[in-house]
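Engineer: any chance you could fold what I've pasted below:
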Amino acid sequence: MKNTRVPDGKVATTTAAALVLKDVDDLQAAQAEIEKLLEKCARHAEEEINRKRLGGRKPRRDECDQKIGRTPKGEPITQAMRWGLEKHKEARECADKALNQLLPRHFSLEQRYRFDPVTGRKSLVSKEAREELMRQGREKELEGTLEPDVVIHSGDPLHAWAIYDFKFPCPETNLPTWSTYPKGHPYQGRTQGEMYRRVLGQSPSRITPLDGVIPEPVW
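Structural biologist: Have a look, this model is predicted:
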């Protein structure tokens with residue numbers, strides 16, 4: 001495996017042949033390679049956005065905490081949040097290129113899942129369906145849906161084998177914690193990681209530029 005440069009300057013990973021994943025045992029054999037690629041994407045995204053926004057230096061705490069606006073609900077938007085979104089986008093594009101070469105048809109990026117806590121059933125929400133709800137002002141109907149950054153699966157996104165979320169702490173010395181759902185939310189008091197585990201049946205891992213893959217303990 002080697003890294004090459006594509007025209008826009010981003011790193012693309014090439015492999016001699018794509019992996020074939022028939023079962024979880026195949027995934028476990030390939031997991032170290034998969035995670036190495038995702039770690040590279042996290043570091044690339046951190047460095048690229050820091051280069052664009054800060055001339056390549058790391059953000060300071062006061063810059064991360066700077067308020068730059070408010071949400072429609074009146075909650076503050078910080079620089080850390082904006083840079084985090086930009087870094088997620090960069091990491092997603094990198095992961096898309098790398099995983100399409102390494103294990104096509106066995107991964108999903110930002111796939112949204114709907115979960116019924118009464119029946120325990122889960123279903124997929126397409127990007128088109130999400131966009132249509134947003135256009136119609138019905139985004140409230142998306143409350144309670146889950147959207148992991150990366151899911152490695154059997155070929156069916158409903159059958160997950162591994163789950164990863166990119167985290168970009170700002171500053172980088174902050175702990176890469178899971179978000180906790182607020183009061184009034186269907187999952188209030190629980191964390192993102194807990195709900196990924198409950199809905200998709202696998203303990204998720206966080207990926208940061210500084211620490212790489214951080215496995216989640218099995219609850």
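Engineer: need the longest helix for this protein.
Structural biologist: If you go by DSSP state H, the chain has its longest helix at helix 24-54.
Engineer: now for that helix, which elements pack on it?
Structural biologist: strand 11-14, helix 79-102, strand 150-153, strand 160-166, strand 205-208, strand 212-215 (3 or more CB pairs under 8 Å, 6 or more residues apart in numbering; DSSP states H and E). For glycine as for every other residue, the C-beta is placed from the backbone atoms N, C-alpha and C.
Engineer: list the buried residues for that helix?
Structural biologist: 27, 30-31, 34-35, 37-50, 53 (16 or more other CB atoms under 10 Å).
Engineer: name the element residue 195 belongs to?
Structural biologist: Assigned by DSSP states H and E, residue 195 belongs to helix 192-200.
Engineer: coming back round to it: what is the mean pLDDT for the longest helix of the chain?
Structural biologist: Model confidence over helix 24-54, given as mean pLDDT, is 94.
Engineer: past that helix, which element shows up next along the chain?
Structural biologist: Next in sequence after helix 24-54, counting helices and strands by DSSP H and E, comes helix 61-65.
Engineer: which secondary structure elements does that following helix contact?
Structural biologist: Applying 3+ CB pairs under 8 Å, 6+ apart, one finds that helix 61-65 contacts helix 79-102.
Engineer: now tell me which helix or strand of this structure has the poorest mean pLDDT.
Structural biologist: Using mean pLDDT, DSSP states H and E, strand 2-5 stands out as the lowest-scoring helix or strand of the chain, at a mean of 41.
Engineer: so what strands line up beside the helix or strand where residue 122 lies?
Structural biologist: Using DSSP H and E, residue 122 falls within strand 121-125. Applying DSSP bridges, strand 121-125 is found paired with strand 112-116 (antiparallel).
Engineer: buried stuff in the partner strand?
Structural biologist: 112, 113, 114, 115.
Engineer: run through who's touching it.
Structural biologist: For strand 112-116, contacts defined as CB atoms under 8 Å, 6 or more residues apart in numbering pick out 121-127, 130, 142, 144-147, 157, 195, 198-200.
Engineer: off-centre distance for it?
Structural biologist: Strand 112-116 has its average C-alpha position 16 Å from the chain's average C-alpha position, going by CA atoms, centre = their mean, to the nearest Å.
Engineer: now the angle from the helix holding residue 195 to strand 160-166?
Structural biologist: Between helix 192-200 and strand 160-166, the angle comes out at 160 degrees (axes from the mean of the first three to the mean of the last three CA atoms, to 10 degrees).
Engineer: list the contacts for the residue nearest the centre of the chain?
Structural biologist: When CA atoms, centre = their mean is applied to the chain, the residue found nearest the centroid is residue 149 (2.3 Å). Applying CB under 8 Å, 6+ apart to residue 149 gives the contacts 88, 91, 92, 95, 109, 110, 164, 165, 166.
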